[in-house]
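1. predicted model follows, preceded by the sequence.
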There are 2 protein chains.
Amino acid sequence: MSNEEAPIQQQQPEPEKTPEPAEPAPGPADEVQRSAAAPSADHAEEKSHTFRALVLTGHGGYDKIKLQVKTQMMPAGSGEVLVRVKACGLNFADLMGRQGLYDALASPPVTMGMECSGVIEAAGEDVVDRKAGDRVIVLSSSGLWQELVVVPADQTFLMPDAMSFQEAAALPVNYLTAHMMLFEMANLRPGKSVLVHMAAGGVGIAATQLCQTVGRVTVFGTASASKHEVILQGGLSHAIDYRTKDYVEEIRHISPTGLDIVLDPLGGSDTQKGFGLLKPMGTIVVFGAANCVTGQKKNLLAIAKTWYNQLSISTLKLMQANKSVCGFHLGYMKDLALIRNTMETLLGLYVQGKIKPRIDSTYHFEEVADAMRRMHERQNIGKVILLPEPKKEEEKEEEKEEEKPADVSAGPQEEEEAKPEEVKEDQVQEEKDGKSCTGVRNKKEDN
Amino acid sequence: MSNEEAPIQQQQPEPEKTPEPAEPAPGPADEVQRSAAAPSADHAEEKSHTFRALVLTGHGGYDKIKLQVKTQMMPAGSGEVLVRVKACGLNFADLMGRQGLYDALASPPVTMGMECSGVIEAAGEDVVDRKAGDRVIVLSSSGLWQELVVVPADQTFLMPDAMSFQEAAALPVNYLTAHMMLFEMANLRPGKSVLVHMAAGGVGIAATQLCQTVGRVTVFGTASASKHEVILQGGLSHAIDYRTKDYVEEIRHISPTGLDIVLDPLGGSDTQKGFGLLKPMGTIVVFGAANCVTGQKKNLLAIAKTWYNQLSISTLKLMQANKSVCGFHLGYMKDLALIRNTMETLLGLYVQGKIKPRIDSTYHFEEVADAMRRMHERQNIGKVILLPEPKKEEEKEEEKEEEKPADVSAGPQEEEEAKPEEVKEDQVQEEKDGKSCTGVRNKKEDN
């Protein structure tokens, strides 16, 4: 089943995707589905679709993720919807999953991807609150880095009109993680102080924005110096260059009594440092083990994993310190009702203009290695986005765009770019930092 | 210095209590002080006081606490007040301290006692917000089981008019502990479920009452069957007899998805069980190690302490479970501002009638062993109170009382019993349970 040779190849459907054929829902949904699915029809048998997917073929380096072309039936069964994916989010857990350090990801071969945005093409006949044409955010444990996905309707969330597909793909994992940590676990309230490691990362930026929805919160963030200007503009109170300074000393200098909350995606010795920085009644939330991801491959990491497991804190020590230690990982989160409620809260905050995902860069599926490298090397400021459509077509579009005046508004192809000025701002920011990646806009594939 | 022979003896002031002589504050405070201090004046030199104190003379069984009579000067220095103590609270930490299991208590010889209520007799000249005659609650790390205490004024809290001295002595440690755990650490909100172990204990009753200040909170409590009626009347949703039933099974039967919050004063295997009972995003707060206090003396406990220390939870396990582990102990709490704010909140709730300490029983200083035994054997429902005044005098009063009609209101001696009907209710309850202790009322010693 696994084939690690060809970067793009035709492949049989994976074992987990062999549902019985089912009639698509009739009525208006059916009409939209047929018209939307038309572009793929040329190379598919009746009722089957051909689409691209990023498949993890084994644990290891970047080359373990293959872009494969699948041809299979994709019926939206009971309670399900078929979604044409427009943009996908890349997360640190994906890097760990590739290396075999993320237990929640099934064994290879497995299609990766925990979050995406797209348009519903068909809905199962018992699905009442979603219909073809709905723009949705999708959350899943895996399987979303794919042009077409079938998912339970209750794992989709309607996108606000003003939200772009890239923003929609950037929002769920980072903002759910930051919101649940800050408000469910750490009980963030006015006047508190918070340390956010990797403050220029997706969760870091989400946490910084969410802290600003509460009054008088002091946010400390660690990031390399080149990112400080951007993250300070984003609302961080104090940026600390962890590469040249001892962040514990820096924080003690500014806040001698310590911190109320530490958000720790690093693990290891940083967890101990964070615990030490807490005030009485303070809370540290460990939500990752980025320190384990030192090399591209797995060999070093078995050791790192063991070392990570050894970190533990006795309840007696907690009592004597009056402190809280929490663990959070959305991938292990089973409380769908809480996720849904929090998503509604987040979408409300987005509509109110209180949060806005920052897109660092976009990469096409075939550039997934570059995308992962950018995150692995901590070059990103904000979210790294993967685009399902092939680069080739996109480049043609770009060439056409360049022949037009820069501010001519695009046709229906670009309706998902509801706030083009925001994207421009991001692009300007990236140029300022001298670290701009492709920065391409996502396009409708199916027009 | 330590003398373990005589239960009552004259003793030199302890090393920690040898302040320089200082003039008491002049003016009205001075007047009240003199009149209040008059009864002790017969056996004291000028400016010195003679008073009773419960002193821990070594770690071990009940006999290690001696009632001693001290004669020493008690000047209220800068920022301090001299308080005549009316009632003292007994806490589980006192049992652990006696056994040498509570690091926050200084080495013997040391006067015990973390909470009391009383009347200010004198205030240091720079104390502006306290004056002689003020009825106050006092909190300290130790030293309050004494007829007269000198404490920092900012460790005193003015008692509401309606509050009795016994209630005042019962409130601080238990209610501060319960409030901080539920609202600072565990983020209690409407609709949540809470497990309270030792639900008939001081913290258990405080937590049950505080849960009821929030809407729709389901409170599970463990206690022996004989106490169920009382604690269910107090607002508990489900009482579980931990002696005859597996509380984990019982709770799983009622709430298959588990609990949001577990308050764990037990430690050991119960911490593991509590952790297992948590829902995703659930929080366990460990605030004691009552399981360590198995015997009266220390020999078993060194082992227990080691075993207790071994309990630990890795951050990886926390992440995979999406859970929080907190430790709380008021005795290790250094954030006085938070304690003061929480006390103000609690006193407000008392005035609003939303919380009310339940007095289980009262014991005179010389009966401290009986008081500790009652708590050690988990016979209490609510707070066990220690009274500084000698039993002998009190009994005479009781005899006099018996000659009067039962409901004749007492003179100024009993002004502190603002709600005598509540005390009566407690006494009835104790009789119903067949476990009544002396149940005496506290009297003004200095009339």
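-> Nice, thanks for sending it over.
2. span of stretch A:88-103 from start to end?
-> Taking C-alpha to C-alpha, to the nearest Å, stretch A:88-103 runs 21 Å from one end to the other.
3. can you check stretch A:243-260 too?
-> End-to-end distance for stretch A:243-260: 24 Å, by C-alpha to C-alpha.
4. pLDDT weak spots in the stretch 201-350 of chain A?
-> A:290-312 (pLDDT under 70).
5. now residue A:187, nearest residue through space, not along the chain?
-> Closest residue in space to residue A:187, ignoring its immediate chain neighbours: residue B:187 at 4.2 Å, by C-beta to C-beta, 6 or more residues apart in numbering or on different chains. (Glycine included, C-beta is placed from N, CA and C.)
6. can you check residue A:343 too?
-> residue A:157 (5.0 Å).
7. show the pLDDT at that neighbour.
-> For residue A:157, the pLDDT comes out at 98.
8. what about residue A:366, which SS state?
-> At residue A:366 the chain is in helix, as set by DSSP: H, G, I helix; E, B strand; the rest coil.
9. verify the stated contact: it with residue A:69.
-> No. In this structure, residue A:366 is not within contact of residue A:69 by C-beta atoms under 8 Å, at 11.4 Å.
10. returning to what we had before: residue contacts, the residue nearest to residue A:343?
-> A:136, A:137, A:138, A:139, A:172, A:340, A:343, A:344, A:347 (C-beta atoms under 8 Å, 6 or more residues apart in numbering or on different chains).
11. what strand or helix carries the first one?
-> Going back to what we said before, that points to residue A:136. Assigned by DSSP states H and E, residue A:136 belongs to strand A:135-139.
12. and the last one, by the same measure?
-> Taking DSSP H and E as the definition, one finds residue A:347 inside helix A:336-351.
13. ok, the spatially most central residue of chain A to residue A:212 distance?
-> Central residue of chain A (C-alpha atoms, centre = their mean): residue A:89, 3.5 Å from the mean position. From residue A:89 across to residue A:212, the span is 22 Å (C-beta to C-beta, to the nearest Å).
14. can you list the residues of the stretch 301-447 of chain A near chain B?
-> Counting by C-beta under 8 Å from any C-beta of the partner chain, the residues of the stretch 301-447 of chain A lying close to chain B are A:308-329, A:332-335, A:338.
15. could you flag which of those residues are buried?
-> Among these, those classed as buried by neighbour count (16 or more other C-beta atoms under 10 Å in any protein chain shown) are A:308, A:311-316, A:318-319, A:321-329, A:332-333, A:335, A:338.
16. tell me which of these fall in strands.
-> Using DSSP state E, the members of those that fall within strands are A:312, A:313, A:314, A:324, A:325, A:326, A:327.
17. can you list contacts of stretch A:337-344?
-> A:137, A:139, A:154, A:157, A:172, A:176, A:179-180, A:184, A:330, A:333, B:280-281.
18. from chain B, how far off is the residue lying closest to residue A:349 once chain neighbours are set aside?
-> Of all residues not flanking residue A:349 in the chain, residue A:355 sits nearest, at 4.6 Å (C-beta to C-beta, 6+ apart). From residue A:355 over to chain B the distance is 21 Å, taken as C-beta to the nearest C-beta, to the nearest Å.
19. next one: residue A:116
-> Going from residue A:116 to chain B by C-beta to the nearest C-beta gives 23 Å.
20. what's around the residue in the stretch 101-250 of chain A that chain B sits nearest to, how many residues?
-> Residue nearest to chain B within the stretch 101-250 of chain A (C-beta to the nearest C-beta): residue A:187, separated by 4.2 Å. Neighbour count for residue A:187, taken as other C-beta atoms under 10 Å in any protein chain shown: 21.
21. go ahead and confirm it touches residue B:182.
-> No. Using C-beta under 8 Å, residue A:187 is not in contact with residue B:182, being 11.0 Å away.
22. quick one: list the elements packing against the strand holding residue A:136.
-> With contacts defined as 3 or more C-beta pairs under 8 Å, 6 or more residues apart in numbering or on different chains; DSSP states H and E, the packing partners of strand A:135-139 are strand A:80-89, strand A:115-123, strand A:156-158, helix A:165-170, helix A:172-179, helix A:336-351.
23. can you add distance to residue B:231 and give the ones you listed back as a markdown table?
-> Compiled in a markdown table, these are given as follows (distance: least, C-beta to C-beta, whole Å):
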| stretch | distance to residue B:231 |
| --- | --- |
| strand A:80-89 | 48 |
| strand A:115-123 | 47 |
| strand A:156-158 | 43 |
| helix A:165-170 | 50 |
| helix A:172-179 | 36 |
| helix A:336-351 | 30 |
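24. who wins for proximity to residue B:73 among the ones you listed?
-> Minimum separation from residue B:73 across the helices and strands packed on strand A:135-139 (C-beta to C-beta) falls at helix A:172-179, 58.4 Å.
25. can you name the element that comes right after the closest one?
-> Next helix or strand after helix A:172-179 toward the C-terminus (DSSP H and E): strand A:193-196.
26. outside of that following strand, which residues touch it?
-> Strand A:193-196 has contacts (C-beta under 8 Å, 6+ apart) with A:182, A:186, A:188, A:203-204, A:207-208, A:211, A:217-222, A:236, A:247, A:251, A:255, A:259-263, A:274, A:277.
27. again, only this time at 6 Å
-> Strand A:193-196 is contacted by residues A:204, A:207, A:211, A:218-221, A:255, A:259-263 when judged by C-beta atoms under 6 Å, 6 or more residues apart in numbering or on different chains.
28. quick check: the farthest pair among the residues you listed?
-> A:204 and A:255 (18.7 Å).
29. all helices of the stretch 1-150 of chain A, in order?
-> With DSSP state H, counting those that start in this stretch, the ranges of helices along the stretch 1-150 of chain A come out as A:28-41, A:92-98.
30. least reliable of those going by mean pLDDT?
-> Out of those, helix A:28-41 stands lowest, with a mean of 34 (criterion: mean pLDDT).
31. re earlier: just send the ones in strands among the buried ones among the residues of the stretch 301-447 of chain A next to chain B back as JSON lines, with distance to residue A:145 too.
-> Listed next are those as JSON lines, based on distance: C-beta to C-beta, whole Å:
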{"residue": "A:312", "distance to residue A:145": "34"}
{"residue": "A:313", "distance to residue A:145": "36"}
{"residue": "A:314", "distance to residue A:145": "41"}
{"residue": "A:324", "distance to residue A:145": "35"}
{"residue": "A:325", "distance to residue A:145": "33"}
{"residue": "A:326", "distance to residue A:145": "29"}
{"residue": "A:327", "distance to residue A:145": "26"}
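32. nearest to chain B, of those?
-> Distance to chain B across those (C-beta to the nearest C-beta) is lowest for residue A:327, with 2.6 Å.
33. test my guess that the residue nearest to the centre of chain A contacts residue A:169.
-> Yes. Judged on C-beta atoms under 6 Å, residue A:89 makes contact with residue A:169 at a distance of 4.6 Å.
34. quick one on the thing from earlier: so which of residue A:204 and residue A:255 has more stuff around it?
-> Each of residue A:204 and residue A:255 has its neighbours counted (other C-beta under 10 Å); residue A:204 has more, 27 against 17.
35. looking at this, that one is in a helix?
-> Yes. Counting by three-state DSSP, residue A:204 falls inside a helix.
36. contacts only, for it.
-> The neighbourhood of residue A:204, defined by C-beta under 6 Å, 6+ apart, consists of A:196, A:198.
37. check residue A:56 too.
-> Applying C-beta under 6 Å, 6+ apart, the residues near residue A:56 are A:64, A:65, A:108, A:110, A:112.
38. also residue A:167?
-> Listed by C-beta under 6 Å, 6+ apart, the contact set of residue A:167 reads residue A:357.
39. residue farthest from the centroid of chain A?
-> The outermost residue of chain A relative to its centre, with distances by C-alpha atoms, centre = their mean, is residue A:320 at 37.7 Å.
40. please name the spatially closest residue to it (chain neighbours excluded).
-> Closest to residue A:320 by C-beta to C-beta, 6+ apart is residue B:332, at 5.0 Å.
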